[in-house]
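Student: Curious how this folds, go ahead:
(one chain, ligands or ions: 1)
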Amino acid sequence: MALKLPFLCPDRYCTMQGRGAGEKRRSFMGVYESLVNIVGAERVSRGQEEIYFYSRDSGAQPPGKADYVVLPKSTQEVQEIVMLANRERVPITPMGGGFTLSSLAVPKKGGIVLDMKGMNRILEVNETSRYAVIEAGVTQAALRSYLKRNYPDLQHSTPEAPPAVTVVGNVLIQGHGHISPRYGVNSEMINGMEVVLPTGEICKIGACSVGPSWFTRGPLPELAGLFVGWYGTTGVVTKLGIRLYPRPKYRDVFVFSTDYVDLIPEAIAGVTRLDLVEDFFLISQEKPDWMNRVFFVLILSGHFEEEFALKRDLYKRFFRDFAGGGKVEFVEDLHPALRKRFLDVPPLAALAADFRKGGGFEYTGAIFPIEKVPEAWRKGIEIAHRYGMLCSYVHQVLPGPSIMFGFNYSFNRADKKDIENTRRALKESNKLTYDLGGIVWKGELGAQKMAMERMDSNTLRLITRVKGLLDPNGIMNPGNWDPGDIS
Ligand SMILES: Cc1cc2nc3c(=O)[nH]c(=O)nc-3n(C[C@H](O)[C@H](O)[C@H](O)COP(=O)(O)OP(=O)(O)OC[C@H]3O[C@@H](n4cnc5c(N)ncnc54)[C@H](O)[C@@H]3O)c2cc1C
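Tutor: Coordinates of the predicted model:
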């Protein structure tokens, strides 16, 4: 009978299972039919159009191969899908917006892409304790506009990413948003989670595990860490409690510029010592010529006019006196279009990212200690030039202070040579990141391998053991954080 299975079932994966709870009759059923049984035919696909799109992203990594795309609507459906996959050893790749650019939601070993965007309900907003409880498919744009409409005094930390990315996908990769310099990296804003473990148990994390409220993550054993930074290899997050923050009444952008790259660490240290910015990033671009400098972009905000004016005056004074004076200039005549671009949330980086208009963009997101910035700055320009590209930088200062230093590469998706050049440039900037003592954020497989090769061997063993414990059959987003032949 086993030999005949492939002929009985057109599916790559074929399963024998009951048709429903309590039903005795058993029949051979392909994974596809089983998925249809769980979510209904309109939310499963193995059609070539869907398979094509779900097998790649807009970064420079090679495509993968999805076998099925499924859009669950509830935690129970996720649980049933995971149990099916676990029983039949079918890989599952959870996906939010699929916009990491580093292929983290692209299936490397086939199987099911679990598109969470069907779970898109905002379940609760607590105005007093300032948090929201959302399902895993809620997008940045949906949460932002919901808050704006119903709770105009509240906001969440919004990344510069396209609005269709999910809040959950972002916190799970330790992303950062427009108020991260003030309040921390977005994964630190998690108040609680509901997770379906790879073996099918539904697990709660944080205050919601002991009571009805999602107001805090601790004090309890810190279990959120089992799912944050693991790229979907340890479970499927179905709900998230996320902190909200007061939305200030006054907000403006102040830009200072310099030609002295070596002044950057001292400037960042000084600005963050004052501890009054909402957002703080550095930009530079080789063309047009006027942009070929270091620009410090400070977003300041306040709930009262006096508070806001004080912050503005303090920073002007800080840069006037900085490094003996005269080396950093205040940009008086910021173009209104640029002012709007900086103040928008998200600030339209998606348009800037595709500056070659070829539809492709990927970056090494290097998290550096700030003293490494000048060296990274110069070497990043060399890497870009080696591959015939102009250098374009956007770096966000994070608490610590540390910095998310973006080695950005925009490319033409229709040009194989361009893609190959981008992959090489990424490899070089990933290596540079580790050589300078940094860490690659949301790295593609090559960057993950570099991290694991350098990692303390007991730490690597611990990662492998945790993964093995949670996902004994290795079904969750296989390929990621896989030590493979690294000993
Ligand atoms: C132009 C541009 C600018 C960007 N700027 C920023 C920025 O400023 N800040 C920032 O942080 N990021 C930025 N990004 C990167 C990225 O788009 C965002 O971090 C985005 O929020 C990731 O969310 P996503 O929904 O696309 O995640 P996905 O790519 O769908 O998922 C990310 C990872 O989490 C896993 N995953 C997703 N959902 C679940 C789940 N429910 N359960 C378990 N695992 C899951 C996936 O398998 C994958 O490994 C930018 C991207 C672009 C294109």
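Student: going forward, measure contacts between C-alpha atoms and count neighbours the same way
Tutor: OK.
Student: Tell me which residues touch residue 73, please.
Tutor: Contacts were defined as C-alpha atoms under 8 Å, 6 or more residues apart in numbering; by that measure residue 73 touches 39, 116, 118-119.
Student: ugh, wrong one, residue 324
Tutor: Under the criterion of C-alpha under 8 Å, 6+ apart, residue 324 has no neighbours.
Student: Look up how far the ligand lies from it.
Tutor: 33 Å (C-alpha to the nearest ligand atom, to the nearest Å).
Student: mind checking the backbone torsions on that residue?
Tutor: phi 80, psi 0 (degrees, to the nearest 10).
Student: i'd like the first residue to be 55 from this point on
Tutor: Shifting the count to begin at 55 puts that one at residue 378.
Student: if I look at it, how far off is residue 467?
Tutor: Residue 378 is 47 Å from residue 467, where distance means C-alpha to C-alpha, to the nearest Å.
Student: ditto for residue 387
Tutor: Counting by C-alpha to C-alpha, the gap from residue 387 to residue 467 is 37 Å.
Student: Which strands or helices does the longest helix seen in the chain pack on?
Tutor: The longest helix of the chain (DSSP state H) is helix 470-489. Applying 3 or more C-alpha pairs under 8 Å, 6 or more residues apart in numbering; DSSP states H and E, one finds that helix 470-489 contacts strand 413-423, helix 427-440, strand 456-466, strand 493-495, helix 499-508.
Student: let's see it at 7 Å
Tutor: strand 413-423, helix 427-440, strand 456-466, strand 493-495 (3 or more C-alpha pairs under 7 Å, 6 or more residues apart in numbering; DSSP states H and E).
Student: Would you tell me which one of the ones you listed is buried the most?
Tutor: Sort the helices and strands packed on helix 470-489 by mean neighbour count, taking mean count of other C-alpha atoms under 10 Å, and strand 456-466 sits at the top with a mean of 25.
Student: still on that earlier bit, buried among the contacts of residue 127? Need that as a selection in ChimeraX.
Tutor: ChimeraX command restricting the contacts of residue 127 to the buried ones, with burial defined by 16 or more other C-alpha atoms under 10 Å:
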select :93,170,172,173
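Student: Quick check: of the contacts of residue 127, which lies closest to the ligand?
Tutor: Lowest distance from the ligand to those (C-alpha to the nearest ligand atom) belongs to residue 170, with 6.1 Å.
Student: Spell out which helix or strand contains residue 336, please.
Tutor: Here residue 336 is covered by strand 333-339, with elements defined by DSSP states H and E.
Student: List the neighbouring strands of that strand plus their orientation.
Tutor: With DSSP bridges as the test, strand 333-339 is paired with strand 348-356 (antiparallel), strand 446-452 (antiparallel).
Student: In CSV, list the C-alpha atoms belonging to the longest helix of the chain.
Tutor: Extracted in CSV, the C-alpha atoms of helix 470-489 (Å, rounded to 0.1, in the frame of the first residue of the first chain):
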residue,chain,number,x,y,z
LYS,A,470,20.9,38.9,-13.1
LYS,A,471,24.2,40.6,-12.8
ASP,A,472,22.8,43.4,-10.6
ILE,A,473,21.3,40.7,-8.3
GLU,A,474,24.6,38.9,-8.1
ASN,A,475,26.4,42.1,-7.3
THR,A,476,24.0,42.9,-4.6
ARG,A,477,24.5,39.4,-3.1
ARG,A,478,28.2,39.9,-3.1
ALA,A,479,27.9,43.4,-1.6
LEU,A,480,25.6,42.0,1.2
LYS,A,481,28.1,39.2,1.9
GLU,A,482,30.9,41.8,2.3
SER,A,483,28.9,44.1,4.5
ASN,A,484,27.7,41.2,6.7
LYS,A,485,31.3,40.1,7.1
LEU,A,486,32.4,43.7,7.8
THR,A,487,29.6,43.9,10.5
TYR,A,488,31.0,40.9,12.4
ASP,A,489,34.6,41.9,11.8
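Student: give me phi/psi at the closest residue in space to residue 340 that isn't next to it in sequence?
Tutor: Leaving aside its sequence neighbours, residue 340 sits nearest to residue 346 (C-alpha to C-alpha, 6 or more residues apart in numbering; 4.6 Å). Here the main-chain torsion angles of residue 346 (degrees, to the nearest 10) amount to phi -80, psi 60.
Student: can you check residue 186 too?
Tutor: Dihedral angles (degrees, to the nearest 10) for residue 186: phi -120, psi 150.
Student: That one: what's its closest spatial neighbour, skipping adjacent residues?
Tutor: residue 179 (4.3 Å).
Student: Before we go further, the one you found is sitting in a strand, right?
Tutor: Yes: using DSSP: H, G, I helix; E, B strand; the rest coil, the assignment for residue 179 is a strand.
Student: wait, what's in contact with it?
Tutor: Contacts for residue 179 (C-alpha atoms under 7 Å, 6 or more residues apart in numbering) come out as 185-187.
Student: and the gap between it and the ligand?
Tutor: According to C-alpha to the nearest ligand atom, residue 179 and the ligand sit 20 Å apart.
Student: now that residue: how far from residue 226?
Tutor: Distance from residue 179 to residue 226, by C-alpha to C-alpha: 21 Å.
Student: which bits of the chain sit near the ligand?
Tutor: When proximity is defined by C-alpha under 6 Å from any ligand atom, the chain lies next to the ligand at 147-154, 158-159, 190, 213-215, 219-220, 222-224, 226-227, 229-231, 285-286, 289-292, 403-404, 407.
Student: Select only the buried ones of these in PyMOL?
Tutor: Entered in PyMOL, the line below selects the buried ones among the residues of the chain next to the ligand, by 16+ other C-alpha under 10 Å:
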select buried, resi 147+148+149+150+151+152+153+154+158+159+190+213+214+215+219+220+222+223+224+226+227+229+230+231+285+286+289+290+291+292+403+407
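Student: what stretches of this structure score poorly on pLDDT?
Tutor: Low-confidence segments of the chain (pLDDT under 70): 55-82, 402-406, 539-541.
Student: Would you map the strands across the stretch 255-404 of the chain?
Tutor: For the stretch 255-404 of the chain, the strands defined by DSSP state E, counting those that start in this stretch cover 256-260, 290-297, 299-300, 304-312, 333-339, 348-356, 383-384.
Student: what's the closest of these to residue 113?
Tutor: Nearest of the strands of the stretch 255-404 of the chain to residue 113, taken as C-alpha to C-alpha: strand 333-339 at 20.8 Å.
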